[in-house]
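A.B. asks: this one's sequence-less:
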């Protein structure tokens, strides 16, 4: 029988690695699908693996305080994964884009106003 299955309660402490082994393939598919909706990264496969690993660690850390609200435990796990994907997207947006050089003086070419008036 499935460790996670449709049970609302999380697996017990003795099943910590079992639920990870059971849910990891589905989590990886989910994260890859979510990342496919964002602009391409240099290594999307590695990013997906990192997000799944962060998700598993976050769920393990949160399990002692998990409260059963009548939903399957997998719903909680996938919500954590979605939040990790969102965190990765935000981090990617904050990464500065390198530029070749920054000009020290104004561009001598005509601006938009001058171009229209000519």
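C.D. replies: Yes, it's here. Treat the numbers as computed from the prediction; the structure is a model and nothing was measured.

A.B. asks: pLDDT below threshold where in the protein?
C.D. replies: For the chain, applying pLDDT under 70 flags the ranges 1-16, 38-42, 103.

A.B. asks: Can you show me the strands along it?
C.D. replies: Here the chain has no strands by DSSP state E.

A.B. asks: which residue is nearest the centroid of it?
C.D. replies: Of all residues in the chain, the one closest to the mean position by CA atoms, centre = their mean is residue 85, 1.3 Å from it.

A.B. asks: Pull the contacting residues for the closest residue to it other than its chain neighbours.
C.D. replies: Nearest residue to residue 85 in three dimensions, chain neighbours excluded: residue 34, at 4.5 Å (CB to CB, 6 or more residues apart in numbering). C-beta: built from backbone N, CA, C; applies to glycine. By CB atoms under 8 Å, 6 or more residues apart in numbering, residue 34 lies in contact with 81-82, 85.

A.B. asks: re earlier: give the contact list for the residue nearest to the centre of the chain.
C.D. replies: Counting by CB under 8 Å, 6+ apart, residue 85 touches 31, 34-35, 51.

A.B. asks: Against residue 104, how distant is it?
C.D. replies: 40 Å (CB to CB, to the nearest Å).

A.B. asks: ok, back up a step: what separates the residue nearest to residue 85 from residue 113, distance-wise?
C.D. replies: 44 Å.

A.B. asks: just residue 69 next, same as before
C.D. replies: Taken as CB to CB, the span from residue 69 to residue 113 is 59 Å.

A.B. asks: residue boundaries of the helices in this protein?
C.D. replies: 16-36, 44-62, 73-94, 112-117 (DSSP state H).

A.B. asks: and the longest one with helix 16-36, angle?
C.D. replies: The one in question is helix 73-94. 50 degrees (axes from the mean of the first three to the mean of the last three CA atoms, to 10 degrees).

A.B. asks: in helix 73-94, what's buried?
C.D. replies: Residues of helix 73-94 classed as buried: 73-74, 76-78, 80-81, 84-85, 88-89 (neighbour count, 16 or more other CB atoms under 10 Å).
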